[in-house]
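1. predicted structure and sequence below. I'll ask about it afterward.
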Amino acid sequence: MRNIFKLMAILALAGGLAACNKEPEGPADPSEKCYFANAVDLTPIGDEYICAYDNSCEPAFVAFDGTKLLPVDGERYYITFEFIDDSNTYFFYAGFSAENYGLEGWAYGFGVKKETAPGQKGAVRVIYDDGNLKFEKTLTLIADPTGGAEAIDLGLKTKGGKTLKWASQNVGATAPEEYGSYFAWGETTQKTNYNWLKEGDYKWGIFDIYDKPNYGMTKYTIDVESGDGLKALQPGDDPAAVNWGTKWRTPTIDEIKELLDETKCEWTWDDEKKGYFVRGLATGNTIFLPAAGYRSIDLKNAGTLGYYWSSSVHESNPSHAYYFAFSSDSRDWYGGYRCFGPSVRAVTEY
């Protein structure tokens, strides 16, 4: 049976300000954040919100679609949180915003206990009622699907000059040393058979070098005349974006080449952990890439070789996409069949 409980938060104006470590300045701006102790960040992912695992982040401001909420008696706000959750794993911290501080609506944060599985969903209904105005909003909450991944600055850049940060662990992993999930290129879920010999084996076609255009590929065909001309993964086909939210994506082959550049990154093999520590020479920050192998029918080369997809289809053969691979004594980028299942290490840009 679903557990439903309510908590009426009646916050005095003075008490709310005392909990705030940073007072917002300037005009109303939904990106402004007032930092509350022991609050968590709500990051939008479509119509849902990702909850952090710990209680060290800041809350997100929600302006209730622009509806201005006025304090009751000029002093207090009244808001009800109705939690709807099968496992009672959610906790919350709430604050407020006021017209004289340049913000409208309510600020609130939610978190989940550390034992909550990544991607587990719950819901909360937020009700404001000052006696005259009543407003309700139901939010779907998701336990952080990244498993607590951090964005690490190695001093690398995107093609457009933005700071490119690499995830601290693989998509599907909950720690840097874990292998995580394996994906065919352009697919977003794991499976048991990484092949493309019959209908349904591979999402984007059956491999055919002789009788079909674009080697049988139905999407990401490079050539505009015989296909779609797409050369890079779209967000809906990107396992990083789909599984972790659109803040994240699979790196391009150019971004992988930069990671492999020994003038920018130092690669050190760890024979005990079976993988590489990669240190950005500009920042000194480090990520770990496990030799996770790859999947076809079963897992191959785990502990000895690492294979990681790029988001870029091969420039001349649409049945291939670019990836990088390494062993204890070598590393480079290659083109390989889109049907096989390497790892994905996500990136995000700032």
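-> Perfect, thanks for sending it. Residues are numbered from 1 along each chain as shown.

2. please make it C-alpha for all contacts and neighbour counts, starting now.
-> Fine.

3. from Tyr294, how far out is the closest residue to Phe183 other than its chain neighbours?
-> Once flanking residues are discounted, Phe183 sits nearest to Gly341: 4.6 Å by CA to CA, 6 or more residues apart in numbering. Going from Gly341 to Tyr294 by CA to CA, to the nearest Å gives 5 Å.

4. shared neighbours of those two, anything?
-> Counting by CA atoms under 8 Å, 6 or more residues apart in numbering, the residues touching both Gly341 and Tyr294 are Tyr182.

5. look at the two and report which has more neighbours.
-> The neighbour comparison of Gly341 against Tyr294 (other CA atoms under 10 Å) goes to Gly341, with 30 against 25.

6. list the residues that contact that one.
-> By CA under 8 Å, 6+ apart, the residues touching Gly341 are 182-185, 194, 294-296.

7. in a markdown table, list those along with distance to Thr304, secondary structure and pLDDT.
-> Converted to a markdown table, the contacts of Gly341 look like this (distance: CA to CA, whole Å; DSSP: H, G, I helix; E, B strand; the rest coil; pLDDT from 0 to 100):
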| residue | distance to Thr304 | secondary structure | pLDDT |
| --- | --- | --- | --- |
| Tyr182 | 16 | coil | 98 |
| Phe183 | 19 | coil | 98 |
| Ala184 | 20 | coil | 98 |
| Trp185 | 22 | coil | 98 |
| Tyr194 | 20 | coil | 95 |
| Tyr294 | 11 | strand | 97 |
| Arg295 | 14 | strand | 96 |
| Ser296 | 16 | coil | 92 |
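
8. which of the residues you listed has the largest number of neighbours?
-> Counting neighbours by other CA under 10 Å, Trp185 leads the contacts of Gly341 with 32 neighbours.

9. wait, what's in contact with that residue?
-> 309, 321, 338-341.

10. please redo it, this time with the cut-off set to 10 Å
-> 202-204, 233, 237-239, 309-313, 319-323, 336-344 (CA atoms under 10 Å, 6 or more residues apart in numbering).

11. do the same with Phe277
-> By CA under 10 Å, 6+ apart, the contact set of Phe277 is 265-270, 286-290.
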